[in-house]
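Trainee: Below are the sequence and a predicted model; questions follow.
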Amino acid sequence: MPAYLNAIACSVPPHESQAGFLDSLDTWAGPPDVIDKLRKIAAGSQIEARHTVLDTPFGNNGFYRPGAFPTTGERMRVYQREAPRLAVDAVESLRAKGADLNAVTHLVVTSCTGFYAPGLDIDILREAGLAPGVQRSLIGFMGCHAGLIGLRHAKQTVEADPSAVVLMVNLELCSLHLQQTDRMDRLVSFLLFADGAAASLITARPAGLRLDACASHLSLADAERMAWHIEDQGFAMTLDARLPARIRQWFRDSTELAPLREADRSCLWAVHPGGRLILDSVQDACGLSDTQMAPSRDVLRRFGNLSSASILFILRSLLEAAPPGGPPQAGRAVAFGPGLTVETVDFLRLPAPAAAPARALAAMAG
């Protein structure tokens, strides 16, 4: 019995942070030449907006005060307060789409930007009114590809038990981990990441995206090119500047990734927007069209890199763009993470249900 991704809802915090972040660089990011370089990188990033849960990120009364950035403990207290709010906002948006959350039997949560226990999974269960007997799985600290790992876990759950109804929540508060540092790789990572959440329903009901083959590819030789460590002043990201070129080479040369290069040119693609150069590398190596890359670039432009939630933002746009009638369309989702890992999920987008005739809609309304 196949599993289907029936519906996706997404949420971002109300505070748009991109302009304020760039304005703040003078107060904390180092000497003028470093700040100029960061602003040039930001100008070429193709990111127009990012969001944060912080209402006052910068300034003498802000979360990030010059010379007095918060400790990891202070950051985790904000995560524990704000993460459930944003997650439940996405869940309630999913309910508003018609998802029957009273039927949920399993809850899968992914997050790599905070920890506490009893954790986010329990807060979501309580605040969303789920039954206490819902089976919970928390996938933590796996990075940007964790959204597809959660989807794979949900798929396997439904395939093992076709009566299962899986709610998946992907939640990241990346804006809590800004650091004062002279390491350029970390400074560049601060130009990319943002806060967001996605909530999805996965069942055996044949609607939406049918989840097909899943695969995980690991290059241990590149393990240090992407890393995520807990330090005294927050979580620290390492992003090797050569990572986009390495991904391009891996996609071009690897035998195991050959199916990605040889995909049908009409295939739908959801590529994790790790950054503009990452998207450029995948597009070049796989010979993808601008149309195939448009959903991924749109999410990067509007939201930045949302870590594990990003791929669901892209899949939402593909799901909502399904035309009524016509044939199903094959697709592929690709995400990257520490390891260095390439995670993939193949899917088949089913046509949207035909719109009800106007007379029938009027009868239903009246």
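Mentor: Sure, I can see it. Residues are numbered from 1 along each chain as shown.

Trainee: All the strands of the chain, residue numbers only.
Mentor: Under the criterion DSSP state E, strands of the chain are mapped to 3-11, 15-16, 51-52, 106-111, 135-140, 166-173, 195-203, 209-218, 226-231, 234-239, 268-271, 329-337, 341-349.

Trainee: of the ones you listed, which approaches I122 most closely?
Mentor: strand 135-140 (7.3 Å; Cβ to Cβ). From N, CA and C alone the C-beta is placed, and that goes for glycine too.

Trainee: between the closest one and strand 166-173, how big is the angle?
Mentor: Strand 135-140 runs at 30 degrees relative to strand 166-173, counting by axes from the mean of the first three to the mean of the last three Cα atoms, to 10 degrees.

Trainee: Could you list every helix and strand in contact with strand 135-140?
Mentor: Here strand 135-140 touches strand 106-111, helix 120-127, helix 146-160, going by 3 or more Cβ pairs under 8 Å, 6 or more residues apart in numbering; DSSP states H and E.

Trainee: got a list of contacts for the shortest one?
Mentor: It refers to strand 106-111. The contact list for strand 106-111 (Cβ atoms under 8 Å, 6 or more residues apart in numbering) reads 83, 87, 119-121, 124-125, 130, 134-140, 142, 146-147, 149-150, 153-154, 157, 164-172, 308.

Trainee: tell me the angle of it relative to strand 195-203?
Mentor: Going by the same axes, to 10 degrees, strand 106-111 makes 160 degrees with strand 195-203.

Trainee: what pairs with strand 106-111, and is each one parallel or antiparallel?
Mentor: For strand 106-111, the paired strands and their directions (DSSP bridges) read strand 135-140 (parallel), strand 166-173 (parallel).

Trainee: Which one, of those, ends up nearest to S219?
Mentor: That would be strand 135-140 among those, by Cβ to Cβ, at 21.0 Å.

Trainee: Which pLDDT does the model give the closest residue in space to L176 that isn't next to it in sequence?
Mentor: Nearest residue to L176, sequence neighbours excluded (Cβ to Cβ, 6 or more residues apart in numbering): R75, at 4.6 Å. R75 is assigned 98 on the pLDDT scale.

Trainee: Which parts of this protein belong to which domain?
Mentor: Following automatic domain parsing, the chain resolves into domains at 3-203, 209-349.

Trainee: Let me have the ones you listed in a markdown table, adding mean neighbour count as columns.
Mentor: Shown next, in a markdown table, are these (neighbours: other Cβ atoms under 10 Å):
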| stretch | mean neighbour count |
| --- | --- |
| domain 3-203 | 19 |
| domain 209-349 | 19 |
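
Trainee: Where among the ones you listed is average confidence lowest?
Mentor: Note on the domains of the chain: domain 209-349 shows the lowest mean pLDDT, a mean of 91.

Trainee: what's the first-to-last distance across that domain?
Mentor: 5 Å (Cα to Cα, to the nearest Å).

Trainee: Run the chain-centre distance for that domain.
Mentor: Its chain's C-alpha centre and that of domain 209-349 lie 11 Å apart, by Cα atoms, centre = their mean, to the nearest Å.
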